[in-house]
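Enquirer: Next one to model:
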Amino acid sequence: MGAESLLDDYDPENDIPLAVLASMGPNIDMAAFQTLDDDLPTSQQLTDDDIISEVSRQDVPIDDDMTPPPTLSDAIDGTADAICYCELIDDAPHNILQALSKTRAFFNKLYKRRCTKQSTIQDFFTSHEQS
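Expert: From the prediction side, this is the model:
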């Protein structure tokens, strides 16, 4: 619809204030007005495709300055370095060295657990056959 057709449809008799128009109209029940569109769906269940589409559309900022967390090997090396450094300090408290040694022992225990191959049921039977 062009601007000219809008101007052609203009009728000065229809140009009345809203308050006057409201007083001329039928008396509308507010409860009926509020529930007018209750039967219309306003939301729906998202499908898997909708969720994937929504997640893939999100822009996740990439922080180039973010360093990866230390590995278990890094933790073991770090505690070893800390122990060596504390041993060089003449007045290092003994409890600090004990705490670092316990921490290093804990990390070594974790490392051994990760490096130990899980035994199989076949290993159990072959070790008992030899006895």
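Enquirer: per-residue confidence for the residue lying farthest from the centre of the chain?
Expert: Computed with CA atoms, centre = their mean, the residue of the chain farthest from its C-alpha average is Glu13, at 59.5 Å. Model confidence at Glu13, given as pLDDT, is 72.
Enquirer: same thing with the one 3 residues further on?
Expert: Ile16 carries a pLDDT score of 72 in this model.
Enquirer: State the number of residues packed around it.
Expert: A total of 10 residues lie near Ile16 under the criterion other CB atoms under 10 Å. Heads up, the C-betas are built off the backbone N, CA and C, glycines and all.
Enquirer: Which of the helices or strands spans it?
Expert: Using DSSP states H and E, Ile16 falls within no helix or strand.
Enquirer: roughly how far apart are it and Phe33?
Expert: According to CB to CB, to the nearest Å, Ile16 and Phe33 sit 22 Å apart.
Enquirer: now swap in Thr79 and tell me
Expert: 72 Å.
Enquirer: contacting residues around the residue farthest from the centre of the chain?
Expert: Residues near Glu13 by CB atoms under 8 Å, 6 or more residues apart in numbering: none.
Enquirer: for it, helix, strand, or coil?
Expert: helix (DSSP: H, G, I helix; E, B strand; the rest coil).
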